[in-house]
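*Asks:* Sequence and predicted structure below; questions after.
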Amino acid sequence: MKAKSASYHTLRLVPGEMLKETLAEWAQTHAIDAAAIITCVGSLKKAAIRYANSNAATITEGKYEIVSLTGTLSRHGIHLHISLSDSDGKTTGGHLMDGCEIFTTAEIVLAVFEGVVFKRLPDATTGYLELNVEKKT
């Protein structure tokens, strides 16, 4: 499915804001039907990540640099992955969960797509809510 066009938005999250929750709230508040993260730099003081083949989030506290944030979001659902590095440069990543707290900032650039809707629908094969792209009516 091809989007008609895209607009670009920049957000800056401040210390104490919650990364995933703030993005989900932004999508709801602005009635976003289809968007993608273009880039994000910043830092966390608390991380909540679901690692591959795990059912629950691993929560850690410390100082982490956001080295990557990628994924799709809409008011109908959100699916983001994050990579973080610690003070030794050790990098880890996985599925972004609720509970990631901003340390100094998160500078985020998003593309919002017109003419399509991103929904998360149950997939019998994976057992997860997976991306479904629909033409906007």
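*Replies:* Nice, I can see it. In this text the structure is predicted, and so the values were computed from the model without any measurement. Residues are numbered from 1 along each chain as shown.

*Asks:* so who does residue 6 touch?
*Replies:* Listed by C-beta atoms under 8 Å, 6 or more residues apart in numbering, the contact partners of residue 6 are 111, 112, 113, 114. The C-beta positions use only the backbone N, C-alpha and C, and glycine is treated the same way.

*Asks:* Show me what the strand or helix carrying residue 134 packs onto, helices and strands only.
*Replies:* Element membership of residue 134 [criterion: DSSP states H and E] is strand 129-135. In terms of contacts (3 or more C-beta pairs under 8 Å, 6 or more residues apart in numbering; DSSP states H and E), strand 129-135 is packed against strand 77-85, strand 116-122.

*Asks:* is it true that residue 110 touches residue 39?
*Replies:* No. Using C-beta atoms under 8 Å, residue 110 makes no contact with residue 39, being 9.1 Å away.

*Asks:* Neighbour count for those two, which is higher?
*Replies:* Applying other C-beta atoms under 10 Å to residue 110 and residue 39 shows that residue 110 carries more neighbours, namely 21 against 13.

*Asks:* Assign that one to helix, strand or coil.
*Replies:* Under DSSP: H, G, I helix; E, B strand; the rest coil, residue 110 falls in the strand class.

*Asks:* Please give me every residue in contact with it.
*Replies:* Counting by C-beta under 8 Å, 6+ apart, residue 110 touches 8, 9, 10, 11, 35, 36, 37, 38, 73.

*Asks:* cool, residue 16 as well?
*Replies:* 101, 102.

*Asks:* Quick one: closest of the helices and strands packed on strand 129-135 to residue 28.
*Replies:* strand 77-85 (10.1 Å; C-beta to C-beta).

*Asks:* Enumerate the positions of that closest one that are buried.
*Replies:* Neighbour counts over strand 77-85 (16 or more other C-beta atoms under 10 Å) mark 77, 78, 79, 80, 82, 83, 84, 85 as buried.

*Asks:* Just the pLDDT for the residue nearest to the spatial centre of the chain.
*Replies:* For the chain, the residue nearest the mean C-alpha position is residue 80 (3.5 Å; C-alpha atoms, centre = their mean). In this model, residue 80 is scored at 98, pLDDT.
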